[in-house]
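Novice: next input, structure requested:
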Amino acid sequence: MASVDHLLTRAAPTPRELRGDIVFAAVIFVGAILSATLSAIAGIYGDEQGSLQLALVYAFVLAAPLAVRRRWPATVAVIIAVAYFAAVTLRIPEVYVGNIAMFIALYTVGAWSTDRRRAVIVRVAIIVGMFAWLIIVMYRDAITQADDADVIAGAVSPFVAQVLIGILVNALYFGGAYYFGERAWSSAVQRAALEQRTAELEREREVTAAQAVALDRVGIARELHDVVAHHVSVMGVQAGAARVMLDSDVDQSRRLLAGIEASAREAIDELHRLLDTLRTPGAADDAAPSTIGLDALPALTAASEAAGLPTTYTVVGDAVAVPQITQVNLYRIAQEALTNARRHGGPSAAAEVRLRYTDDRLVELEVVNTGRSMREPRPGLGQLGMRERAAASGGSIEIGPRERGGFRVRVAVPLDEPAVAGRR
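Specialist: Here you go, the predicted structure:
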């Protein structure tokens with residue numbers, strides 16, 4: 001616990017504790033007056049006894065500092081120690097409450113002084129001073145009683161026994177005050193450390209919860225963007241073509257309108273599946289619907305072809321098992337790339353989708369399209385979503401224009417490493 005003591009301190013006294021000190025000081029003051037009165041009547045010091053008026057002053061000096069003992073523990077201990085020394089020297093008729101006040105003052109220094117070095121110095125100085133005074137008093141009494149037969153009766157004489165009892169009682173008295181003060185300080189520091197760690201854990205929990213909510217929101221926004229942008233783009237292209245060909249080729253217009261209807265149904269179905277996933281507890285960590293994956297890429301390229309963008313699909317290498325979340329992310333990347341190709345490639349654009357399985361346990365997806373040159377493409381939600389999906393699968397992605405026109409999207413995902421994130 002020593003290492004923690006250097007790093008932490010105990011909590012400051014509460015208003016309730018400070019009010020309790022005032023009440024305690026008042027109790028000590030009343031007790032000291034009663035003790036002094038009864039001691040004066042009993043004549044504990046005999047003919048050498050000090051006046052009762054001086055005892056009343058002593059009671060006040062003894063009690064008043066205890067009202068602020070937690071604020072200035074070292075100063076309070078020094079004042080009470082000096083007062084106690086003076087009271088014993090002047091034979092003030094009060095002993096018992098003074099001992100209690102001295103014990104509490106020493107204990108408070110150990111329990112509440114934040115300057116630990118000063119706390120040790122103050123307590124050691126008081127204890128050494130008290131024992132030095134005790135030895136001087138004992139030596140004086142021994143000289144005074146040197147002619148008494150009991151004094152020279154040997155090691156077990158009454159006088160020696162009384163001296164030993166005095167030393168033992170004072171050792172227990174001061175040692176107890178020192179020990180219990182240190183224990184109180186250590187317990188308070190441990191409690192403060194525990195409270196601090198609890199507060200840190202609570203803050204971490206709140207941050208983690210906020211991050212989880214943010215990740216969920218990003219995942220939902222990305223999925224909605226991919227579903228809505230793709231199908232709306234397809235429907236927009238097909239609707240424009242149907243409008244142009246409505247008078248010249250009625251059959252083709254019907255086919256285009258049927259494609260719009262099919263795209264709308266697919267969009268609704270995917271939105272329903274997404275909402276079902278969000279409503280099902282624990283389903284957020286699963287992949288998207290099992291119908292969305294690499295095996296759906298041929299249908300995706302066919303839909304792109306039907307929407308007016310000539311698209312080819314090629315598979316290179318022997319197919320291997322690919323985690324479902326990676327399949328979902330690769331499908332959505334291909335979907336977004338084809339959507340962008342339709343939107344920005346121009347009327348003469350064509351696209352190619354290549355899925356490649358390599359010998360070094362990589363699966364690569366490349367979507368290239370011809371058409372207009374885009375030297376400085378503006379990064380939008382689509383590109384951000386593709387980069388996030390590639391990172392979620394533990395892969396890398398390249399997005400950029402081609403020198404001879406068009407655009408290229410290439411993503412490579414290692415199959416031997418787990419996905420970095422399980423969110424879609």
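Novice: where do the helices sit along the protein?
Specialist: 2-7, 15-42, 52-63, 73-89, 96-112, 116-144, 158-245, 250-279, 297-306, 324-344, 381-392 (DSSP state H).
Novice: buried ones in the last one?
Specialist: By neighbour count, with 16 or more other Cβ atoms under 10 Å as the criterion, the buried positions of helix 381-392 are 382-383, 385-390, 392. Placement of C-beta: from N, CA and C, glycine included.
Novice: and that helix with helix 158-245, angle?
Specialist: Angle, helix 381-392 to helix 158-245, by axes from the mean of the first three to the mean of the last three Cα atoms, to 10 degrees: 130 degrees.
Novice: pull the CA atoms of helix 381-392 into CSV?
Specialist: Extracted in CSV, the C-alpha atoms of helix 381-392 (Å, rounded to 0.1, in the frame of the first residue of the first chain):
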residue,chain,number,x,y,z
LEU,A,381,-20.6,8.4,-48.2
GLY,A,382,-20.2,5.7,-50.8
GLN,A,383,-16.4,5.7,-50.7
LEU,A,384,-16.4,6.0,-46.9
GLY,A,385,-18.7,3.0,-46.6
MET,A,386,-16.5,0.9,-48.9
ARG,A,387,-13.4,1.8,-46.9
GLU,A,388,-15.2,0.9,-43.6
ARG,A,389,-16.4,-2.4,-45.0
ALA,A,390,-12.9,-3.3,-46.2
ALA,A,391,-11.5,-2.4,-42.8
ALA,A,392,-14.2,-4.4,-41.0
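Novice: show me what that helix is packed up against.
Specialist: The contact analysis (3 or more Cβ pairs under 8 Å, 6 or more residues apart in numbering; DSSP states H and E) places helix 381-392 against helix 158-245, helix 324-344, strand 396-401, strand 407-414.
Novice: tell me the angle the third one makes with helix 381-392.
Specialist: Read it as strand 396-401. Going by the same axes, to 10 degrees, strand 396-401 makes 160 degrees with helix 381-392.
Novice: contacting residues around strand 396-401?
Specialist: With Cβ atoms under 8 Å, 6 or more residues apart in numbering as the test, strand 396-401 has contacts from 333, 373-375, 377, 383, 386-387, 390, 407-412.
Novice: neighbouring strands for it, and are they parallel or not?
Specialist: Neighbouring strands of strand 396-401 in its sheet, by DSSP bridges, are strand 407-414 (antiparallel).
Novice: if we can go back for a sec, just the buried ones from the contacts of strand 396-401?
Specialist: Applying 16+ other Cβ under 10 Å to the contacts of strand 396-401, the neighbour count classes 333, 374, 383, 386-387, 390, 407, 409-412 as buried.
Novice: dump the helices of the chain into CSV; add mean pLDDT as well.
Specialist: Listed next are the helices of the chain as CSV, based on pLDDT from 0 to 100:
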stretch, mean pLDDT
helix 2-7, 43
helix 15-42, 90
helix 52-63, 89
helix 73-89, 89
helix 96-112, 90
helix 116-144, 80
helix 158-245, 78
helix 250-279, 74
helix 297-306, 86
helix 324-344, 86
helix 381-392, 83
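Novice: could I get those helices as TSV with distance to residue 352?
Specialist: Compiled in TSV, the helices of the chain are given as follows (distance: least, Cβ to Cβ, whole Å):
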stretch	distance to residue 352
helix 2-7	63
helix 15-42	76
helix 52-63	95
helix 73-89	82
helix 96-112	78
helix 116-144	75
helix 158-245	18
helix 250-279	21
helix 297-306	9
helix 324-344	10
helix 381-392	17
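Novice: of all these, which one is nearest residue 362?
Specialist: Minimum separation from residue 362 across these (Cβ to Cβ) falls at helix 324-344, 11.3 Å.
Novice: that concludes my questions; thank you for your assistance.
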